[in-house]
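**Student:** here is my input; please provide its structure:
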Amino acid sequence: MKIESLKIGVDIRELQNDMMTGMGRYLLNFLETAPQCKPEWEFILFCNQNTTLGVINDNFKKVVIREGLTFYWDQIKLPLALRKEKIDLFLSPYNKAPIISPCRVIITIHDLAPFLSFFPQRPRNPLFISLQKTLNNLMAKRADLIITVSNNSKKDIICLFNVAEEKIKVVYNGVGERFYPIKDKVILDSVRKRHGIAKDYILYIGNLKPHKNVPGLINAYNMLPENLKDNYQLVIVGKKDKNFACLFNLVRTLRILDKVVFIDFVRDEDMPSLYSSATIFVFPSFYEGFGLPVLEAMACGVPVITSRLASLPEVVDDAANLVNPRDTKEIGMAIEKLLVDSSLRGDLVARGLVQSSNFSLDKTVKNILYVIENSL
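**Tutor:** Below is the predicted model:
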C-alpha cells in the first residue's frame with residue numbers, strides 16, 4: 001500500500017545530551033535515514049525539556065511537552081498532543097505508548113530482559129516487576145502492531161504477552177557505515193592512548209547489568225595462562241553504574257587490576273577504532289533481544305566469541321565462536337584458543353565481514369517504513 005502523505009509521530013525523549021543508549025542510537029539511525037526515504041511524509045517529533053535533537057530535516061517538526069511524572073506525560077499529555085497535531089500513526093521506540101490514542105500505534109520491543117528470570121541478577125521488588133509486566137502486557141495488547149528485532153524476541157513476546165503472531169513484525173537492527181576495519185596505525189594508537197590501553201587487548205562493549213555476564217568474562221580472563229594475561233589486557237567498555245563496584249571488587253580480589261581496563265565513555269567517532277584495534281571481541285551475554293555490538297565488531301574486522309543463548313546465534317549465524325555463557329571454563333578456553341590460533345581468527349574475521357554486511361541501517365529503516373505504510 002503506497003501512501004503519499006502521512007503525519008508520523010515519534011517519541012524521541014531517549015535523545016539527550018551526553019547520553020547515548022542503544023535505544024537512542026536506534027532512534028537516531030531512524031531519524032537520519034527515514035526522511036530521505038519518505039520526503040513526502042512529515043515526522044512530528046515529541047520531546048520533553050531534556051531532549052536534544054542533533055538531526056535537522058525540513059520534514060521534521062519538534063513538539064516539546066514538559067515532563068514531570070512520566071506516566072502522566074505518556075497517558076495524558078501525549079494523547080492530547082497527538083490529537084492536536086492530527087497524527088496518522090504514532091511510532092514508539094520502546095514498549096511505552098498511550099493506552100488510549102487518537103491514532104494507530106506501533107510500539108517497539110527490543111528485548112524482554114526485565115521479565116525473564118533465567119539469568120543471575122540482583123533481587124528485585126516483585127510487586128514492581130508485576131506492575132511493570134502488567135503495564136507492558138497492556139501496551140502490547142493495545143498496540144496495533146509490534147516491531148521487534150529478532151525472531152527470538154518475537155517468540156518471547158508471544159509467550160509472555162500472549163500476542164497474536166501476525167501482530168508482530170521482525171525488523172533486524174542495522175550496522176552503521178562508520179563501522180569498518182580501521183587500518184591507520186596513528187589513529188589506532190591515538191585511541192588506545194586516550195583510553196589508557198597499553199597492550200593488545202580483548203574487548204567487551206555493552207552495559208554492566210547482571211545479564212551481560214561481565215563477571216563471567218572477568219573470571220574467564222583470569223583463567224588464561226599467565227603469559228597471555230601478560231600480553232593481552234581485558235578492556236571493558238560500559239557506563240560505570242551501580243554494577244561497577246562489584247566488578248571492580250572482583251578484579252581487585254583476583255589481583256588483576258593492572259590487567260583490566262574499565263572505560264566509562266567512548267566518543268562515537270572512536271568506537272570503530274576501538275573495535276578495530278582489538279584482538280578479539282567477547283560478548284558472553286545470558287540474554288539479548290538482538291546483540292548489535294557483535295555485528296559492529298564483525299564489521300570492524302574483529303573475531304567474535306559470543307553466547308549460544310537467546311537471539312545471538314540467530315544474529316551471528318556461523319560467523320562467531322559460540323559458547324555456553326554459564327560455563328566460565330568454556331569461555332576461557334575459547335578465548336585462549338582464539339588468541340593463539342591466528343588461522344582461526346582470520347577465518348572468523350572473513351565470516352564476520354560477510355555476515356555483518358547483511359545488516360545495513362538503510363535496510364532496517366526501509367523495513368520499518370514498510371511496516372508503517374502497510375499498517376494503514
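
**Student:** for residue 321, see how far away residue 227 is.
**Tutor:** 21 Å (Cβ to Cβ, to the nearest Å). Any C-beta I mention is one placed from the backbone N, CA and C, and that applies to glycine too.

**Student:** between the two, which is the more surrounded one?
**Tutor:** Ranked by neighbour count (other Cβ atoms under 10 Å), residue 227 and residue 321 place residue 321 first, with 20 against 8.

**Student:** now that one, nearest residue through space, not along the chain?
**Tutor:** Nearest non-adjacent residue to residue 321, counting by Cβ to Cβ, 6 or more residues apart in numbering: residue 305, 4.7 Å away.

**Student:** what's the following helix or strand after the lowest-mean-pLDDT helix or strand in the chain?
**Tutor:** Lowest mean confidence among the helices and strands of the chain (mean pLDDT, DSSP states H and E): helix 126-142, at a mean of 79. On the C-terminal side of helix 126-142, the nearest following helix or strand under DSSP states H and E is strand 145-148.

**Student:** what's downstream of that next one, the next helix or strand?
**Tutor:** helix 151-161.

**Student:** list the buried residues of that next one.
**Tutor:** Across helix 151-161, burial judged by 16 or more other Cβ atoms under 10 Å covers 152, 153, 154, 156, 157, 158, 160, 161.

**Student:** any low-confidence regions in the stretch 1-150 of the chain?
**Tutor:** Scanning the stretch 1-150 of the chain for pLDDT under 70 picks out 1-4, 18-20, 117-126, 128-129.

**Student:** ranges for the helices of it?
**Tutor:** Assigned by DSSP state H, counting those that start in this stretch, the helices in the stretch 1-150 of the chain fall at 22-37, 70-72, 78-84, 126-142.

**Student:** closest one to residue 267 among these?
**Tutor:** Closest to residue 267 of these is helix 22-37 (Cβ to Cβ; 13.5 Å).

**Student:** buried ones in the closest one, by neighbour count?
**Tutor:** Neighbour-count burial for helix 22-37 [16+ other Cβ under 10 Å]: 22, 24, 25, 26, 27, 28, 29, 30, 31, 33, 34, 35.

**Student:** chain center to it: distance?
**Tutor:** 14 Å (Cα atoms, centre = their mean, to the nearest Å).

**Student:** now do the strands in the stretch 201-350 of the chain.
**Tutor:** Using DSSP state E, counting those that start in this stretch, the strands of the stretch 201-350 of the chain run over 232-237, 260-263, 280-283, 304-307, 321-323.

**Student:** for the first one, name the packing helices and strands.
**Tutor:** Judged by 3 or more Cβ pairs under 8 Å, 6 or more residues apart in numbering; DSSP states H and E, the packing partners of strand 232-237 are strand 200-205, helix 214-222, strand 260-263.

**Student:** so who does residue 276 touch?
**Tutor:** Residue 276 makes contact with 181, 182, 183, 188, 300, 301, 302, according to Cβ atoms under 8 Å, 6 or more residues apart in numbering.

**Student:** quick check, pLDDT for the third one.
**Tutor:** You'll see residue 183 listed with a pLDDT of 95.

**Student:** with the fourth one instead?
**Tutor:** Reported pLDDT at residue 188 in the predicted model: 97.

**Student:** from residue 226, how far off is residue 267?
**Tutor:** For residue 267, the distance to residue 226 - Cβ to Cβ - is 34 Å.

**Student:** err, residue 114, not the other one
**Tutor:** Taken as Cβ to Cβ, the span from residue 114 to residue 226 is 40 Å.

**Student:** mind checking which of the two has more residues around it?
**Tutor:** residue 114 (16 against 7).

**Student:** and that one, how far is that from residue 287?
**Tutor:** With distances taken as Cβ to Cβ, residue 114 is found 10 Å from residue 287.

**Student:** ditto for residue 235
**Tutor:** Where residue 287 is concerned, residue 235 sits at a distance of 23 Å (Cβ to Cβ).

**Student:** before we move on, the earlier item: with distance to residue 71 added, can I get the buried residues of helix 22-37 in JSON lines?
**Tutor:** Shown next, in JSON lines, are those (distance: Cβ to Cβ, whole Å):
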{"residue": "22", "distance to residue 71": "23"}
{"residue": "24", "distance to residue 71": "21"}
{"residue": "25", "distance to residue 71": "25"}
{"residue": "26", "distance to residue 71": "23"}
{"residue": "27", "distance to residue 71": "21"}
{"residue": "28", "distance to residue 71": "25"}
{"residue": "29", "distance to residue 71": "28"}
{"residue": "30", "distance to residue 71": "25"}
{"residue": "31", "distance to residue 71": "25"}
{"residue": "33", "distance to residue 71": "31"}
{"residue": "34", "distance to residue 71": "28"}
{"residue": "35", "distance to residue 71": "31"}
